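Trainee: the following block contains a protein sequence and its predicted model.
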Amino acid sequence: AAGAGPGWDRRVVRGGSWKDEEFPPDVVARVAYRKSAVLLVVVATFLWLPPATLAQDAPSLEVAVAAISQDVVDREPVDAGVSFSASVGALYCFTKITGAQTPTTITHVWYFGATERARVDLDVTSATWRTWSSKIIQTHEVGSWRVDVLDPAGTVLKELQFEITE
């Protein structure tokens, strides 16, 4: 090609892309140098900036409301308490979560004494989100219970203790 400089007449396009070996060696060296310089600038930027400026802080989930209840109606706990009869049938763990910046998940872990009895993952898809899980209570499961509300990393956000009596 006229005026393109030495070696430019050897370029060939295959499949819509240039092959490095078809460029003159001095062009390949300049491109490699520029790529290295850009990479160096990017790495230096990450080393100098504090982490909070590089990415949004991790979501700060909070449990605004939590209750053990006998029902949930219109997304609100009904007959909440800390002591229930063994004949209750089923209980609900209701949580109102705030602070989610992106869709995430919380987990309700139900314990009878020290034994895990159920683990329920629940989606949180808004900055303020109400969600709940339920557990059937057998008449012989009398004693101390608790539900741990966990964030996606497994950190306990809230612990709800309750009792089943005869």
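Mentor: That came in fine, so what should we check first? As the structure is a computational prediction, the values presented were derived from the model and not from experiment.

Trainee: which strands and helices sit next to the longest strand along the chain?
Mentor: Of all segments of type strand in the chain, defined using DSSP state E, the longest is strand 62-73. Counting by 3 or more CB pairs under 8 Å, 6 or more residues apart in numbering; DSSP states H and E, the packing neighbours recorded for strand 62-73 are strand 76-80, strand 90-98, strand 128-136, strand 143-150, strand 156-165. (C-beta placed from N, C-alpha, C; glycine too.)

Trainee: quick one: closest of these to residue 115.
Mentor: strand 143-150 (10.2 Å; CB to CB).

Trainee: other residues contacting the closest one?
Mentor: Contacts to strand 143-150, defined as CB atoms under 8 Å, 6 or more residues apart in numbering, come from residues 63, 66, 68, 93, 95, 106-113, 133, 156-164.

Trainee: filter those to the buried ones?
Mentor: For those, a burial check counting by 16 or more other CB atoms under 10 Å picks out 63, 66, 68, 93, 95, 106-112, 133, 157-158, 160, 162, 164.

Trainee: distance to residue 118 and mean pLDDT added to the helices and strands packed on strand 62-73, as JSON lines?
Mentor: Below are the helices and strands packed on strand 62-73 laid out as JSON lines (distance: least, CB to CB, whole Å; pLDDT from 0 to 100):
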{"stretch": "strand 76-80", "distance to residue 118": "18", "mean pLDDT": "97"}
{"stretch": "strand 90-98", "distance to residue 118": "10", "mean pLDDT": "98"}
{"stretch": "strand 128-136", "distance to residue 118": "5", "mean pLDDT": "98"}
{"stretch": "strand 143-150", "distance to residue 118": "9", "mean pLDDT": "98"}
{"stretch": "strand 156-165", "distance to residue 118": "14", "mean pLDDT": "98"}
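
Trainee: can I assume residue 97 is in contact with residue 106?
Mentor: Yes - if you go by CB atoms under 8 Å, residue 97 and residue 106 touch, sitting 6.1 Å apart.

Trainee: now do the shared contacts for these two.
Mentor: Counting by CB under 8 Å, 6+ apart, the contacts common to residue 97 and residue 106 are 61, 124, 131.
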